[in-house]
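> Build me a model from this:
(chains A and B)
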Amino acid sequence: GAVVSQHPSRVICKSGTSVKIECRSLDFQATTMFWYRQFPKQSLMLMATSNEGSKATYEQGVEKDKFLINHASLTLSTLTVTSAHPEDSSFYICSAERAPRAFFGQGTRLTVV
Amino acid sequence: AQSVAQPEDQVNVAEGNPLTVKCTYSVSGNPYLFWYVQYPNRGLQFLLKYITGDNLVKGSYGFEAEFNKSQTSFHLKKPSALVSDSALYFCAVRPSSGNTPLVFGKGTRLSVIA
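Numbers count the residues shown, from 1 in each chain, chains lettered A, B, ... in the order given. Coordinates of the predicted model:
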């Protein structure tokens, strides 16, 4: 089956710094990737749709200047959390589309101290 | 707009007993339906999907789900639960047309008790 690799799996950063999370489709090309955020004991909340070669589409309430998404190639999308604050601490998950299925990364646990 | 309802936050079942995790959905047109499982601090693992064809879908680890169009349901089932099945289960839907993201239910935590 298709594999999506997400890195890092866990990161701790200081408040005010930026963190980059990578999502790679290892054995297929994905023109569309999605970024989700999951709070403890809650479902996945779609943050944005990442399209290769174009600007990401953000869901309502998600700050595009805070959560920078870049999808520069068909196998890589990155999410950068800029000027991170403790409230940004969460579990972030990416998925890459290979219709009709979505393949998910392992997730990244971000802790901002 | 599409939506998914998982009416149970928690399901408890004894090991060896059958389990059911409920899911109902709302979507425009024909649905693509999915079940995923999540273990602590891990991403989602695919269990099974319904795209078309037989209403009873068999998936990984002995799980199956039945698509019921009239009841707009896609309940997850397993004939005999294992302690290792204890995890968080998500039902998800997307319309069959268009490149749209999955919409997830809130999740159901399954606890299988030895």
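
> Could you pull out the strands in chain A for me?
Counting by DSSP state E, one finds strands in chain A at the ranges A:4-7, A:10-13, A:19-25, A:32-38, A:44-51, A:57-58, A:67-73, A:76-81, A:90-98, A:101-104, A:108-112.

> Please disregard the earlier target; I meant chain B.
Going by DSSP E, chain B shows strands at B:3-5, B:10-14, B:19-21, B:24-26, B:31-38, B:44-50, B:56-58, B:64-68, B:73-78, B:87-95, B:103-104, B:108-113.

> Turn these into TSV, including distance to residue A:67, mean pLDDT and mean neighbour count.
C-beta coordinates here come from the backbone N, C-alpha and C atoms, glycine included. Conversion of these to TSV gives the following (distance: least, C-beta to C-beta, whole Å; pLDDT from 0 to 100; neighbours: other C-beta atoms under 10 Å in any protein chain shown):
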stretch	distance to residue A:67	mean pLDDT	mean neighbour count
strand B:3-5	24	94	16
strand B:10-14	31	97	14
strand B:19-21	32	98	20
strand B:24-26	28	95	17
strand B:31-38	22	93	23
strand B:44-50	20	92	19
strand B:56-58	35	96	14
strand B:64-68	33	96	18
strand B:73-78	31	98	21
strand B:87-95	22	92	22
strand B:103-104	19	91	21
strand B:108-113	28	96	17
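
> Reformat these as TSV; add distance to chain A.
Formatted as TSV, these follow (distance: least, C-beta to the nearest C-beta, whole Å):
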stretch	distance to chain A
strand B:3-5	9
strand B:10-14	10
strand B:19-21	14
strand B:24-26	14
strand B:31-38	5
strand B:44-50	4
strand B:56-58	13
strand B:64-68	14
strand B:73-78	15
strand B:87-95	7
strand B:103-104	5
strand B:108-113	8
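
> Please dump those into a markdown table; it should also carry distance to residue A:26 for every row.
Output for those, formatted as a markdown table (distance: least, C-beta to C-beta, whole Å):
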| stretch | distance to residue A:26 |
| --- | --- |
| strand B:3-5 | 29 |
| strand B:10-14 | 34 |
| strand B:19-21 | 30 |
| strand B:24-26 | 31 |
| strand B:31-38 | 19 |
| strand B:44-50 | 16 |
| strand B:56-58 | 26 |
| strand B:64-68 | 28 |
| strand B:73-78 | 28 |
| strand B:87-95 | 22 |
| strand B:103-104 | 24 |
| strand B:108-113 | 30 |
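
> Residue numbers of chain A in contact with chain B?
Counting by C-beta under 8 Å from any C-beta of the partner chain, the residues of chain A close to chain B are A:1, A:6, A:10, A:32, A:34, A:41-44, A:46, A:49, A:91, A:93, A:95, A:97, A:99-107, A:109.

> returning to what we had before: compare the strands of chain B and give me the one nearest residue A:81.
For the strands of chain B, the distance to residue A:81 is smallest for strand B:44-50, at 20.7 Å, taking C-beta to C-beta.

> Report the beta-bridge partners for the nearest residue to residue B:100 once chain neighbours are set aside.
Nearest residue to residue B:100, sequence neighbours excluded (C-beta to C-beta, 6 or more residues apart in numbering or on different chains): residue B:94, at 5.4 Å. For residue B:94, the residues forming beta bridges with it (DSSP bridges) are residue B:32.
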